[in-house]
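J.: the following block contains a protein sequence and its predicted model.
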Amino acid sequence: MTVTVTAQPKQAGKPDDKPAEPKEKAKPTAEDTGEEASVPNFGGMGLQSAQDTAQAKGFYGLSSHDSLGRDRLQALDRNWKVCSQNIKAGKTVRTETKLDFGAVKLEEDCPAKDEEPLEAAGSKMPNLAGKSVKAARRTLDSGTSVTVTDAAEGRMVLMESNWKVCTQTPGPGTKLKGQPVEITAVKFEENCP
């Protein structure tokens with residue numbers, strides 16, 4: 001014996017026999033709620049702790065940079081401490097505001113003021129002396145040939161953010177016309193010869 005059941009189309013506007021699926025509510029953003037919070041003083045905190053504290057206050061747009069201008073990445077946040085912040089402590093702002101922390105490694109001293117990043121070279125060679133090799137390379141056009149040599153001991157320069165520029169050719173202010181750039185460098189804790 002075969003039983004055939006024919007489904008009946010539902011009429012528009014008629015309630016379904018099944019209960020409606022609960023709709024997931026989107027988490028309200030600060031923009032939706034207009035939330036504001038006082039910015040804490042993050043100075044001296046470990047970078048990870050500062051980020052956790054900011055998020056607990058509702059700030060999720062977070063970034064950090066190397067306060068010494070060496071262009072190092074803060075890959076392991078627990079190894080860095082906060083020296084500066086872009087929004088003054090105690091100021092009340094919307095929680096959607098981006099907070100940026102200037103940081104140094106735990107064993108380093110905070111500078112009195114964050115080191116300004118090098119400007120893009122443009123048509124004249126900038127003064128690279130004392131800057132990290134990584135930051136110096138970043139200021140030059142990506143097509144520029146750059147040779148970096150150890151000014152003291154003939155070592156290979158591998159982690160460029162750990163090396164500072166001693167000399168450069170062409171010199172500061174020289175017109176850049178695609179010529180190769182030569183840099184001598186030493187590790188930051190060393191003196192240039």
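T.: On my side now, so go ahead.

J.: for the closest residue to Gly90 other than its chain neighbours, grab the count of nearby residues.
T.: Spatial nearest neighbour of Gly90, excluding adjacent residues (Cβ to Cβ, 6 or more residues apart in numbering): Ser38 at 6.0 Å. Bear in mind the C-beta positions are built from the backbone N, C-alpha and C, glycine included. For Ser38, the count of nearby residues is 10 (other Cβ atoms under 10 Å).

J.: who's in contact with Ser38?
T.: When contacts are counted by Cβ atoms under 8 Å, 6 or more residues apart in numbering, Ser38 is found next to Lys57, Gly90, Lys91, Thr92.

J.: pretty sure the third one contacts Val39?
T.: Yes: look at Lys91 against Val39 with Cβ atoms under 8 Å: they come within range, at 5.2 Å.

J.: more neighbours: those two, which one.
T.: Legend: neighbour count by other Cβ under 10 Å for Lys91 and Val39, higher for Val39 (20 against 10).

J.: so what's that one up against?
T.: Here Val39 is in contact with Lys57, Phe59, Gln85, Ile87, Lys88, Ala89, Gly90, Lys91, Thr92, Val93, Leu99 (criterion: Cβ under 8 Å, 6+ apart).

J.: surely the fourth one is in a strand?
T.: By that I understand Ile87. No: counting by DSSP: H, G, I helix; E, B strand; the rest coil, Ile87 is not part of a strand but coil.

J.: picking up where we left off before, pull out the buried members of the contacts of Val39.
T.: Phe59, Gln85, Ile87, Val93, Leu99 (16 or more other Cβ atoms under 10 Å).

J.: for the chain, just list every one of the strands.
T.: 36-38, 62-66, 80-85, 92-94, 99-105, 146-150, 163-169, 181-187 (DSSP state E).

J.: format these as TSV; extra columns: mean pLDDT and distance to Ser49.
T.: Below are the strands of the chain laid out as TSV (pLDDT from 0 to 100; distance: least, Cβ to Cβ, whole Å):
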stretch	mean pLDDT	distance to Ser49
strand 36-38	97	17
strand 62-66	96	12
strand 80-85	98	9
strand 92-94	97	20
strand 99-105	97	11
strand 146-150	97	36
strand 163-169	97	30
strand 181-187	97	29
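
J.: out of those, nearest to Gly130?
T.: Comparing these against Gly130 with Cβ to Cβ, the closest turns out to be strand 163-169 (5.6 Å).
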